[in-house]
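Peer 1: Give me coordinates for this.
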Amino acid sequence: MSNDKIILSVATTGNWPAKAQNSNLPTTPEEIARAVVESWREGAAVAHVHVRDDMGKVSCELARFQRVKELIRAQGCDVIINFSTSGASGLVSEGERMNSLSAGPELASFDAGSMNFNERVFLNPPDFLEEIARRMAAAGIKAEIEVFDHGMIENAGAVIERGLIKLPLWWQFVLGVKGGAPATARSLLHLVDNLPAGSLWSVCALGPRQLPMNVLAIAMGGHARTGLEDNLYYRRGELARSNAQLVARLARIARECGREPATPAEAR
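Peer 2: Next up, the predicted model:
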C-alpha cells in the first residue's frame, strides 16, 4: 500500500487551543474557512472543522457550521467537509453536539467511547453513539470513527454490526491524549492490527508527536491528519504560521516517499 495516494486531513481549530497560545489559530468562520481553503491548495483532501463563539470559546451553533461551509464552497473549494460532533463534555448537551449534522457535511466525527481526557471526562455513552450513528446514516453522512484507545474499536464494532455505519470504514486514530493510547509506533501498530479487514485509517497525534506519527502513517500505507487543533508548533520553539504550512510539509514528505496526496475527488 505504500505507493497508494495518501488522504491528508487538516484539523484547523479544535475545541481547546487559544489565540493566546498561537495568534495564527483560526477561530471565526471567516478565519476557519480561509485556513481550510489554504490547506486544500497545499494538498488537504479533508477538513475537520470545529467552530467557536464570538469570545473564541467552543460552540455547537448550527449557523456557524453553515457559515463555514458556505464560505468554503464560495471559493470553489471542493474539500471534503468533516464537521465535529465532539462539543465540549459538560458544557453542551448531547443534542447540541449533533447540531453540526444539520449543516450537511460529507463526514462527521463519531467519537467511539467515553474516556478521561486530560483533566475532564469525555462522555460518549452507548445510547448516544447509537443515536448519532442513526442520524448520520439517515442524512447520508459518512462517519469518521475517532479512536482514542483500543477499546473504542470494539465500541464502534457493536454499532457497525447493527448496520448503522456502512462500509468502507474510515477510522481516525487520535493518539497522545492524556487518558488515551500513547503516540508511539507500538501503539499504532496494535490499533491497526485490530481493525476489521478492508478498513481505511488515518492518524493524528498531539504536540511534538504529531509529525512522527504522521510519518509513520505515510510509511505504513495509512493516511494522516495535521493542523493547529493538534499541534500549535512547526518545530520546537517555533510556532506554526498556519494550518497550510503544516499541510505543505506533510504533503512534501509524502511525495518524497512516493505517495501523492489524494484530491478530494480521489478521496471520495
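Peer 1: Sketch out the strands for the stretch 51-200 of the chain, chain order is fine.
Peer 2: Ranges of strands in the stretch 51-200 of the chain, per DSSP state E, counting those that start in this stretch, are 51-52, 58-59, 80-83, 107-111, 115-117, 120-122, 142-147, 170-175, 200-205.
Peer 1: Parallel or antiparallel, list what pairs with the third one.
Peer 2: Strand 80-83 sits in its sheet next to strand 46-49 (parallel), strand 107-111 (parallel), going by DSSP bridges.
Peer 1: To residue 221, which of those lies closest?
Peer 2: Ranking those by proximity to residue 221 (Cβ to Cβ) places strand 46-49 first, at 17.4 Å. From N, CA and C alone the C-beta is placed, and that goes for glycine too.
Peer 1: On the pLDDT front, check the residue sitting furthest away from the middle of the chain for me.
Peer 2: Computed with Cα atoms, centre = their mean, the maximum C-alpha offset from the centroid of the chain is found at residue 237, amounting to 24.8 Å. For residue 237, the pLDDT comes out at 97.
Peer 1: And residue 241, by the same measure?
Peer 2: 98.
Peer 1: Report the spatially nearest residue to it, omitting neighbours in sequence.
Peer 2: Once flanking residues are discounted, residue 241 sits nearest to residue 24: 5.9 Å by Cβ to Cβ, 6 or more residues apart in numbering.
Peer 1: Can you list the helices and strands that the helix or strand containing residue 249 packs against?
Peer 2: Using DSSP states H and E, residue 249 falls within helix 243-256. Other elements packing on helix 243-256 under the criterion 3 or more Cβ pairs under 8 Å, 6 or more residues apart in numbering; DSSP states H and E are strand 8-11, helix 29-41, helix 210-220, strand 223-226, strand 233-235.
Peer 1: Quickly list what the closest residue to residue 28 other than its chain neighbours is bridged to.
Peer 2: Closest residue to residue 28 apart from its sequence neighbours, by Cβ to Cβ, 6+ apart: residue 52 at 7.4 Å. Beta-bridge partners of residue 52, counted by DSSP bridges, are residue 58.
Peer 1: Look up how far residue 133 lies from residue 52.
Peer 2: As for residue 52, its distance to residue 133 is 26 Å (criterion: Cβ to Cβ, to the nearest Å).
Peer 1: likewise residue 238?
Peer 2: For residue 238 relative to residue 133 (Cβ to Cβ), the value is 41 Å.
Peer 1: coming back round to it: which ones are touching the residue nearest to residue 28?
Peer 2: By Cβ atoms under 8 Å, 6 or more residues apart in numbering, residue 52 lies in contact with 13, 27, 28, 58, 59, 64.
Peer 1: With residue 206 instead?
Peer 2: 175, 176, 177, 183, 230, 231.
Peer 1: Could you report the pLDDT at residue 2?
Peer 2: Predicted confidence (pLDDT) for residue 2: 43.
Peer 1: Could you do the one 3 residues further on as well?
Peer 2: You'll see residue 5 listed with a pLDDT of 97.
Peer 1: these two touch, right, it and residue 265?
Peer 2: No: using Cβ atoms under 8 Å, residue 5 makes no contact with residue 265, being 11.2 Å away.
Peer 1: Go ahead and confirm residue 143 touches residue 136.
Peer 2: Yes: Residue 143 lies in contact with residue 136 (Cβ under 8 Å); the separation is 5.3 Å.
Peer 1: what sits in contact with each of these two?
Peer 2: Joint contacts of residue 143 and residue 136 (Cβ under 8 Å, 6+ apart) are 108, 110, 165.
Peer 1: how far out from the middle of the chain is the helix holding residue 249?
Peer 2: Centroid separation for helix 243-256 versus its chain: 17 Å, with Cα atoms, centre = their mean, to the nearest Å.
Peer 1: what's the answer for stretch 119-138, then?
Peer 2: Per Cα atoms, centre = their mean, the centroid offset for stretch 119-138 relative to its chain is 16 Å.
Peer 1: What lies in contact with that stretch?
Peer 2: 85-86, 89-90, 94, 97-98, 101, 108, 110-116, 141-143, 148, 155-156, 158-159, 162, 164-166.
Peer 1: Just the ones in helices from those, please.
Peer 2: 94, 97, 155, 156, 158, 159 (DSSP state H).
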